[in-house]
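this one's sequence-less:
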């Protein structure tokens, strides 16, 4: 990271969503805040005019033309140029409310033990993006989630451990994990735990990052006082087979890194077979439908 110069560095990693990126940047620069901020756009070789649009329409943003080596490496490229005492990783398919920066940074200034903060993300239809607040995908949470038992018993802590369905979307509190579409962290946290894990290409790296932040003794916090719109999965829809593979690959990488030593051999094999069995089932299903399933 560069020498500290501003309060907030907003890092936006973009891939083939020029119109959404334009709207995202407009919302960012329309923000009302007493905090100084810079905007760093990392374009992952979109080749669709996205980079040129940023250069011509948003002169106040710093543009990095990057090779497409994945979400983690792209964000780390932006991180090297960041000079803020806070870092916000923001997806291009989001639109922040005008008060988001002011409220989030004010909260962080008052709560020094919070290492990472996420706001309430709502999808285009107005429903909450459940990835705004999540538990870690340990074997039980993952099994319940894939069997959809959390849908049958949404108020149960026993069954709702992954999407935290028992926790009101309007209740602030400590959680395990946030979504990479909106993750605000401290410069000091990055200096302690490092950047994004580049073993991940896409998906899962946000959960892994939160895991390391919590392991380092910081709190991960859900802050629904402010809202951001999330037009979820727009880049992923363009390459469904590729993204479906990396979604499942990331599940296994996360499990292997953080859980294999905690569970017996037979459990690890069961998880491995479950992840890749699900992948092939969905591959076959996608071959027979017009709108392929990617991930959730």
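Done, it's in. Just so we're clear, the structure is a prediction, and the values are computed from it rather than from any experiment.

quick one: low-confidence parts of this structure?
Low-confidence segments of the chain, defined by pLDDT under 70: 233-239, 293-296.

try 90 this time
142, 145-148, 151, 201-203, 232-243, 246-247, 272, 274-279, 281-296 (pLDDT under 90).

nearest residue to the middle of it?
Nearest residue to the geometric centre of the chain (Cα atoms, centre = their mean): residue 180, 1.1 Å.

what secondary structure does it sit in?
Residue 180 carries the three-state label coil when classified by DSSP: H, G, I helix; E, B strand; the rest coil.

quick check: the gap between residue 25 and residue 13.
Note on residue 25: its distance to residue 13, by Cβ to Cβ, to the nearest Å, is 13 Å. Bear in mind the C-beta positions are built from the backbone N, C-alpha and C, glycine included.

and the residue nearest to the centre of the chain, what does it touch?
Counting by Cβ atoms under 8 Å, 6 or more residues apart in numbering, residue 180 touches 71, 75, 89, 91, 205, 206, 209.

how much space separates it from residue 22?
Residue 180 is 21 Å from residue 22, by Cβ to Cβ.

quick one on the thing from earlier: which of the contacts of residue 180 has the most neighbours?
Within the contacts of residue 180, most neighbours by other Cβ atoms under 10 Å means residue 209, with 28 neighbours.

what about it, is that helix, strand or coil?
Look at residue 209: counting by three-state DSSP, its state is helix.

show the backbone phi and psi for the residue lying closest to residue 111 once chain neighbours are set aside.
Using Cβ to Cβ, 6 or more residues apart in numbering and skipping residues adjacent in sequence, the residue nearest residue 111 is residue 221, 7.5 Å away. Note on residue 221: its backbone torsions stand at phi -130, psi 140 [degrees, to the nearest 10].

that'll do, ta.
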